[in-house]
Each structure stands twice: as C-alpha cells, then as structure tokens.
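Participant: Prediction below, plus the sequence it came from.
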Amino acid sequence: MTSSRENALNIITNMLAPKLSESMKTADSSALFAGQIGELALSNVFEKLWVRDALDLRTRSLVTLGILIALRATDEMSVHFPAAVRNGATLEEIAEVILHATGYAGFPAANTARSIAEESLREAGMFPSEQN
C-alpha cells in the first residue's frame, strides 16, 4: 500500500516544475528564515489535501486558482497556473476561472491574475507564441 507521503510526492513530481518539485521533495530546511515551510506545505497541503479522491487533480487546480486569485496570492499563482496545465486544465478553462473571478474577487484581482497567468505560462512554454 502506498503511503500518503508517497502519493503526495508523486503529485508534486507531476504538477510542479522540476526545480520546485525537488525542493519540495527534500522539504529543504536550509533556508535561514522559516526553513520548515517546505515540510509544512508537503505535510499539511499535499499529503492531506491533494491526495484526496473526491476531486481530481484538474478540478483541485482550478479551485486552487480561484482561491489564489481571490487572495491575490501572486507568488503562489505563478506556480499554480503551470501546475494546472500539468494537471489537465486547458488554457480556455484557466481563462474562464480568471474571468469568473472578476465577479467575485473583483476586476483588479482578476486582471493581476491574467498578467501572472500569461507570464508564468509563457515561461513554462505552455502559452501559444504570438502570431506575426
């Protein structure tokens, strides 16, 4: 039987960029300030929430994006937009989450999310190149 830690590590490997994935897997506590944050994210978020069966990873990613947009959690959004694509969300679905957020989180939050989505997805090679 696979442990929830192993399941969480598999999810992290598949959904996060390689550098971040490796950092999370080792729960790097070498940071000078609050170094245990990686372990907290691994045990409290991925090991307890992302491994649950009631929602698939695509749906969890879309829900997470909606929450992050409402919280204006810009650093986390830049990680979770590409993660959502890796978890099966389409660019159209991500755009729809951002548009939907205008009604609940406000235009400024959604507009910021749009900019972060475009930048982070472009950096991850997941955004279509511009036509000339």
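Facilitator: All right, it came through fine.
Participant: rest of the way, CA atoms for contacts and neighbours
Facilitator: Will do.
Participant: for this protein, what spans make up the helices?
Facilitator: 4-15, 18-25, 37-40, 57-71, 74-86, 91-104, 107-123 (DSSP state H).
Participant: Can you give the domain ranges for the protein?
Facilitator: 1-53, 55-132 (automatic domain parsing).
Participant: Now do the last one, average pLDDT.
Facilitator: So that's domain 55-132. Averaged over domain 55-132, pLDDT sits at 95.
Participant: can you give me how far that domain is from the chain middle?
Facilitator: Mean-position distance between domain 55-132 and its chain equals 8 Å (C-alpha atoms, centre = their mean, to the nearest Å).
Participant: Residue 99: neighbour count?
Facilitator: 17 (other C-alpha atoms under 10 Å).
Participant: isn't it right next to residue 112, touching?
Facilitator: No - at 11.4 Å, residue 99 does not count as touching residue 112 under the criterion of C-alpha atoms under 8 Å.
Participant: re earlier: mean neighbour count, the domains of the chain: which tops it?
Facilitator: With neighbours taken as mean count of other C-alpha atoms under 10 Å, the domains of the chain reach their highest mean count in domain 55-132, at a mean of 17.
Participant: who's in contact with the residue nearest the centre of the chain?
Facilitator: The centroid of the chain falls nearest to residue 80 when counting by C-alpha atoms, centre = their mean (1.9 Å). Going by C-alpha atoms under 8 Å, 6 or more residues apart in numbering, residue 80 touches 61, 64-65.
Participant: what pLDDT does residue 23 get?
Facilitator: 79.
Participant: And for it, nearest residue in space, chain neighbours not counted?
Facilitator: residue 38 (7.7 Å; C-alpha to C-alpha, 6 or more residues apart in numbering).
Participant: Repeat that for residue 81.
Facilitator: Closest to residue 81 by C-alpha to C-alpha, 6+ apart is residue 117, at 5.8 Å.
Participant: hang on, isn't that neighbour packed against residue 84?
Facilitator: No - counting by C-alpha under 8 Å, residue 117 sits too far from residue 84 to count as a contact (10.6 Å).
Participant: follow-up on the earlier one: against residue 111, how distant is the residue nearest to the centre of the chain?
Facilitator: Applying C-alpha to C-alpha, to the nearest Å, the value for residue 80 to residue 111 is 16 Å.
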